[in-house]
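Peer 1: missing the sequence, but the structure's below:
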């Protein structure tokens, strides 16, 4: 919303001190007045944490205050999220969110807060496609062949991921549902373990991040079937999207910036503007791309709608599958 009309000079503005008894006209409160706390409800060192640190550094530079990253992993992100729900809504405490922000209300009974009512969207910040890969010695050479191959082996094809309830697990179950196949999920504690066992043929396929499997694809140890975005990713344009064989398929890892619900509109607008400006810079796009992510921004209302759509989409997948959550 444009507010330029508020700054137009007028006789009323000039006479205001007289009209109101020469009361002191204090300037609008400045923001920020002290360091900003960016709560990251995930462990340090992972992609979500690294992306948050990139964005936090840019926010701090533009706002003239240090942005302190506060890692608070646990309870599927609820521990960190609750801190921000109960924080002062003055823009000095923010939250970094990912897919679990939309799926937690579906799978967790007695949620301690409502993510859509108790928090305010600032902006979407990134989208990270995953990649379905398979053991290189197996016969399918592309996604269409893989689907036909899997259809003749219901329940016999395993796909590995980094854990139950992960975005990778959701992506695999969405593929089961949309492609009419029945792969079995094999959760691992870490992505490297899942990839190692897929290369060795202990499991036939893996749903993993681009950065974790691209080197193995280049070495011929794994074969790429398809990326999970709605279109091919510019990060690996030669690899077809699964959607080219399964129309409408899309399942990305995403991140975004959130604030307490009652944050003043002016501060929310300013934060959104800075995020949008900074994530459009080539340097930041390159940093994101090195992590397999694509910088992606939105208005607060667009992010609200995105979260709503994610909730509806994944509720259908979760309810129709036998997914387990850690």
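Peer 2: Thanks, I have the structure now. All of these numbers come straight from a predicted model, not from anything done at the bench.

Peer 1: just the strands in this structure please.
Peer 2: Along the chain, the segments classed as strands by DSSP state E run 36-40, 67-71, 93-98, 119-135, 158-161, 184-187, 205-209, 222-227, 252-260, 294-295.

Peer 1: Residue 215: which of the ones you listed is closest?
Peer 2: Closest to residue 215 of those, according to CB to CB: strand 222-227, at 9.3 Å. The way it works is simple: take the backbone N, C-alpha and C, and place the C-beta from them, glycine included.

Peer 1: Provide the contact partners of the closest one at residue level.
Peer 2: 129-136, 138, 140-143, 146, 195, 198-199, 205-206, 210, 213, 216-217, 233, 236, 239-245 (CB atoms under 8 Å, 6 or more residues apart in numbering).

Peer 1: So which of these sit within helices?
Peer 2: Using DSSP state H, 143, 146, 195, 198-199, 210, 213, 216-217 are the members of these that sit in helices.

Peer 1: Could I get those residues in a markdown table, plus columns for pLDDT?
Peer 2: Output for the ones in helices among the contacts of strand 222-227, formatted as a markdown table (pLDDT from 0 to 100):
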| residue | pLDDT |
| --- | --- |
| 143 | 97 |
| 146 | 98 |
| 195 | 96 |
| 198 | 97 |
| 199 | 97 |
| 210 | 92 |
| 213 | 96 |
| 216 | 97 |
| 217 | 97 |
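
Peer 1: Which of those has the largest number of neighbours?
Peer 2: Counting neighbours by other CB atoms under 10 Å, residue 198 leads the ones in helices among the contacts of strand 222-227 with 28 neighbours.

Peer 1: wait, doesn't that one sit right on residue 138?
Peer 2: No. Using CB atoms under 8 Å as the test, residue 198 is too far from residue 138 to be in contact (10.3 Å).

Peer 1: which residues do the two both contact?
Peer 2: Each of residue 204 lies in contact with both residue 198 and residue 138 under the rule CB under 8 Å, 6+ apart.

Peer 1: Helix or strand with the lowest mean pLDDT in the chain?
Peer 2: Confidence across the helices and strands of the chain bottoms out at helix 11-19, with a mean of 36, counting by mean pLDDT, DSSP states H and E.

Peer 1: hang on, the earlier thing: how about CSV for the strands of the chain, with mean pLDDT added?
Peer 2: As requested, those are exported to CSV (pLDDT from 0 to 100):
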stretch, mean pLDDT
strand 36-40, 98
strand 67-71, 98
strand 93-98, 98
strand 119-135, 97
strand 158-161, 97
strand 184-187, 96
strand 205-209, 96
strand 222-227, 98
strand 252-260, 97
strand 294-295, 96
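
Peer 1: Out of those, which gets nearest to residue 322?
Peer 2: Nearest to residue 322 among those is strand 184-187; the distance by CB to CB comes to 8.7 Å.

Peer 1: Just give the nearest non-adjacent residue to residue 267, would you?
Peer 2: Closest residue to residue 267 apart from its sequence neighbours, by CB to CB, 6 or more residues apart in numbering: residue 91 at 4.0 Å.

Peer 1: was I right about residue 161 contacting residue 173?
Peer 2: No. Look at residue 161 against residue 173 with CB under 8 Å: they stay out of range, at 10.1 Å.

Peer 1: Give me the more crowded residue out of these two.
Peer 2: Higher neighbour count among residue 161 and residue 173: residue 161, with 25 against 22, using other CB under 10 Å.

Peer 1: Domain parsing of this structure, as residue ranges.
Peer 2: The chain breaks down into these domains under automatic domain parsing: 36-127+253-320, 129-244.

Peer 1: Quick one: these as CSV, columns for distance to residue 30 too.
Peer 2: As requested, the domains of the chain are exported to CSV (distance: least, CB to CB, whole Å):
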stretch, distance to residue 30
domain 36-127+253-320, 10
domain 129-244, 39
